[in-house]
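Q: quick one: sequence plus predicted model below, questions after.
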Amino acid sequence: MTNIILPVDFSEDATEKLVQGAIKFAKETNGKICLIHVAPSDIGFAIGDMGFQYFPEIEQNEIKQELVQLNTIEQRIIAQEVDCEHLLKQGVAGDVILEYAKDKDAGYIVMGSHGRSNMYDVFVGSLTKELTRRSPIPVLVIPIH
């Protein structure tokens, strides 16, 4: 069975299209979907009059909500008769995803692309673009429009 890494960011339309594309691909390749969400390391930090402050309760609540969302997506995938597991980890998205792919001995990474211009990438950056350059395994890019 081929492990397929599926990073999700929980954006409504994009995540749904990405999940459906990954399910189709997993069925065609007899694959197992390994969902991953990478949360930023600074979730509980805020800047105010007193400078940087850390609020662990904000971080804990955010992580709990994201785990619920991952569980929901995992159950929807399993309901469509595709094996699935999930991981939520904090860190730098590109590095964490590639590390997870290596740990799972994955055959593919499935990513979405909004098809924005190169100018957008200059100012905002593109995780999909980064992973297609850095990944030692194939990256399947699903258009999200």
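A: Sure, I can see it.

Q: now do stretch 28-40, average pLDDT.
A: Here stretch 28-40 scores 94 as its mean pLDDT.

Q: and it, what's buried?
A: Buried residues in stretch 28-40, defined by neighbour count with 16 or more other Cβ atoms under 10 Å: 31, 32, 33, 34, 35, 36, 37, 38, 39. Any C-beta I mention is one placed from the backbone N, CA and C, and that applies to glycine too.

Q: do I have it right that the first one meets residue 109?
A: Okay, so that is residue 31. No - with contact defined as Cβ atoms under 8 Å, residue 31 does not reach residue 109; the gap is 11.7 Å.

Q: intersection of neighbour lists for these two?
A: Here residue 31 and residue 109 share the contacting residues residue 4, scored by Cβ atoms under 8 Å, 6 or more residues apart in numbering.

Q: who touches stretch 12-32?
A: 1-4, 6, 8-9, 33, 73, 76-77, 80-85, 107-108, 110-112, 114, 140, 142, 144.

Q: write the ChimeraX selection for whichever of those are buried.
A: Buried members of the contacts of stretch 12-32 can be picked out in ChimeraX with the line below, counting by 16+ other Cβ under 10 Å:
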select :3,4,6,8,33,73,77,82,84,107,108,110,111,112,140,142,144
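
Q: restricted to helices, list the contacts of stretch 12-32.
A: 73, 76, 77 (DSSP state H).

Q: report pLDDT for the second one.
A: At residue 76, the model reports a pLDDT of 97.

Q: got it, and the first one?
A: Turning to residue 73, the model gives it a pLDDT of 97.

Q: tell me who's in contact with it.
A: Residue 73 neighbours (Cβ under 8 Å, 6+ apart): 8, 15, 19, 35, 86.

Q: how about the ones in helices among the contacts of stretch 12-32 in a markdown table, adding distance to residue 97?
A: A markdown table is the format used below for these (distance: Cβ to Cβ, whole Å):
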| residue | distance to residue 97 |
| --- | --- |
| 73 | 16 |
| 76 | 21 |
| 77 | 18 |
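
Q: just the ones in strands from the contacts of stretch 12-32, please.
A: Among the contacts of stretch 12-32, the members falling in strands (DSSP state E) are 2-4, 6, 33, 84-85, 108, 110-112, 140, 142.

Q: by mean pLDDT, which helix or strand of the chain comes out lowest?
A: Every helix and strand in the chain was compared by mean pLDDT, DSSP states H and E; the lowest is helix 118-123, with a mean of 47.
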